[in-house]
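Trainee: sharing a sequence plus its predicted fold:
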Protein chains: 2
Amino acid sequence: MKKDDFGVWEGEKTVELPTQADAGIYYIGRIHTPWKERKECPKNARESDAVCVVELDQRWREALKDVETCSHLILLYWMDRSPRDLVLQVPGHYGVQRGTFALRSPARPNPVAMSVVRLLRVDGNRLSVVGLDCLDGTPLVDIKPYFASTDSVADAVVGWHRKRDQQA
Amino acid sequence: MKKDDFGVWEGEKTVELPTQADAGIYYIGRIHTPWKERKECPKNARESDAVCVVELDQRWREALKDVETCSHLILLYWMDRSPRDLVLQVPGHYGVQRGTFALRSPARPNPVAMSVVRLLRVDGNRLSVVGLDCLDGTPLVDIKPYFASTDSVADAVVGWHRKRDQQA
């Protein structure tokens, strides 16, 4: 497989991006992880027990009230180094063309990643968590409580992934 | 309870917002639901079996390849009618002050909502799903496959909510 002149892999496809944004994101903090380059990041967040630290800007600190009562949180963060124009991608570890919305790749129209993390503790404006796989310094977008009643679906299936598992 | 001159409820607190955004969101489609006003929306997405339709902009249509193999999806959408400056809130149905990040309220610094939905079918650029509680016309931000291995935590606890349940 080789890259063409536009830095897109064979089998990948881009579209023209809209000329302007429709809404604005505030970075509300930064995520500190052990990983300085993408190749160092775990392939899957469950592969790593690394404790990461979410540092919230002081402006928002009071909004953490009661967060310490949550065992798990949803973190949204901004994958600020990702291209946004890919509609078809060929993830390196699979080598098969997939649609962007069937993947968790950071390359997507709005590079907002979602991770479920286990909360270890809250110290002022710093949250220690387990379950991230992102680069050190990644901008934070949101923190939400994880409700098992609406967010947990133990029997959910990603068909293209299951088929691969069966073949593997 | 009464509103003061700034439209904030007693017990609620706002902060000054940053002077500019750090990144831009593209609306990539719209969500069609039966609910035209906030008071009509279900309190909890699991309360409703309503089939909602996610209409993706044609620009991104090819990115839906393989999405039909997913039983469940994560939808991110933009709660474009919500205030963004609240750090402490008093949700009407509880009447207790909580931090914004301990709540799933649409009022938050970045009003990106996250819902787990069951996918019924894909017809071209339209996805029929169950599990939403948002207003008709809500702007879509992202579609992701739901992986039970990383996204499902059946025993997660939101302590402030559990305590309330025990008292109720």
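Mentor: Here it is on my side, so go on.
Trainee: where along chain A do the helices fall?
Mentor: A:148-151, A:159-167 (DSSP state H).
Trainee: and the residue lying closest to A:Leu75 once chain neighbours are set aside, how many neighbours?
Mentor: For A:Leu75, the nearest residue in space outside its immediate sequence neighbours is A:Ser115; the separation is 5.1 Å by CB to CB, 6 or more residues apart in numbering or on different chains. Just so you know, the C-beta spots here come from the backbone N, C-alpha and C atoms, and that holds for glycine as well. Residue neighbour count, defined by other CB atoms under 10 Å in any protein chain shown, stands at 20 for A:Ser115.
Trainee: give the contact list for A:Ser115.
Mentor: In this structure, A:Ser115 makes contact with A:Ala45, A:Ile74, A:Leu75, A:Tyr77, A:Gly131, A:Leu132, A:Asp133, A:Cys134, B:Thr150, judged by CB atoms under 8 Å, 6 or more residues apart in numbering or on different chains.
Trainee: repeat that for A:Asp57.
Mentor: Counting by CB under 8 Å, 6+ apart, A:Asp57 has contacts A:Tyr27, A:Ile28, A:Gly29, A:Asn125.
Trainee: which ones are touching the first one?
Mentor: What that stands for is A:Tyr27. Under the criterion of CB under 8 Å, 6+ apart, the neighbours of A:Tyr27 are A:Asp57, A:Trp78, A:Pro139, A:Leu140, A:Val141, B:Asp22, B:Ala23.
Trainee: any idea which strand is longest in chain A?
Mentor: Under DSSP state E, the strand in chain A containing the largest number of residues is strand A:112-123.
Trainee: between strand B:112-123 and it, find me the angle.
Mentor: Orientation note: strand A:112-123 sits at an angle of 150 degrees relative to strand B:112-123 (axes from the mean of the first three to the mean of the last three CA atoms, to 10 degrees).
Trainee: partner residues bridging A:Gln89?
Mentor: Residues in a beta bridge with A:Gln89, per DSSP bridges, are A:Arg98.
Trainee: check it and give its pLDDT.
Mentor: In this prediction, A:Gln89 carries a pLDDT score of 95.
Trainee: check contacts around it.
Mentor: With contact taken as CB under 8 Å, 6+ apart, A:Gln89 is in contact with A:Trp9, A:Glu12, A:Gln97, A:Arg98, A:Gly99, A:Thr100, A:Leu103, A:Ser105, A:Ala107.
Trainee: also A:Glu62?
Mentor: If you count contacts by CB under 8 Å, 6+ apart, then A:Glu62 has B:Lys13, B:Val15, B:Val87, B:Leu88, B:Gly99 around it.
Trainee: let's see 10 Å
Mentor: Contacts for A:Glu62 were tallied using CB atoms under 10 Å, 6 or more residues apart in numbering or on different chains; they are A:Asn125, B:Lys13, B:Val15, B:Leu86, B:Val87, B:Leu88, B:Gly99, B:Thr100, B:Phe101.
Trainee: report pLDDT for the nearest residue to the fourth one once chain neighbours are set aside.
Mentor: Setting aside the residues directly before and after it, B:Leu86 is nearest to B:Ala107 in space (CB to CB, 6+ apart), at 4.7 Å. Reading off the confidence values, B:Ala107 has pLDDT 95.
Trainee: how about low-confidence regions in chain A?
Mentor: Under the criterion of pLDDT under 70, the regions of chain A flagged as low confidence span A:1-7, A:93, A:163-168.
Trainee: from chain B, how far off is the spatially most central residue of chain A?
Mentor: Of all residues in chain A, the one closest to the mean position by CA atoms, centre = their mean is A:Ala113, 2.9 Å from it. The span separating A:Ala113 from chain B equals 9 Å under the rule CB to the nearest CB, to the nearest Å.
Trainee: same question for A:Pro34.
Mentor: 19 Å.
Trainee: ok, now which ones touch that residue?
Mentor: The contact partners of A:Pro34, by CB under 10 Å, 6+ apart, come to A:Glu40, A:Cys41, A:Pro42, A:Ser48, A:Ala50, A:Val51, A:Cys52, A:Leu132, A:Asp136.
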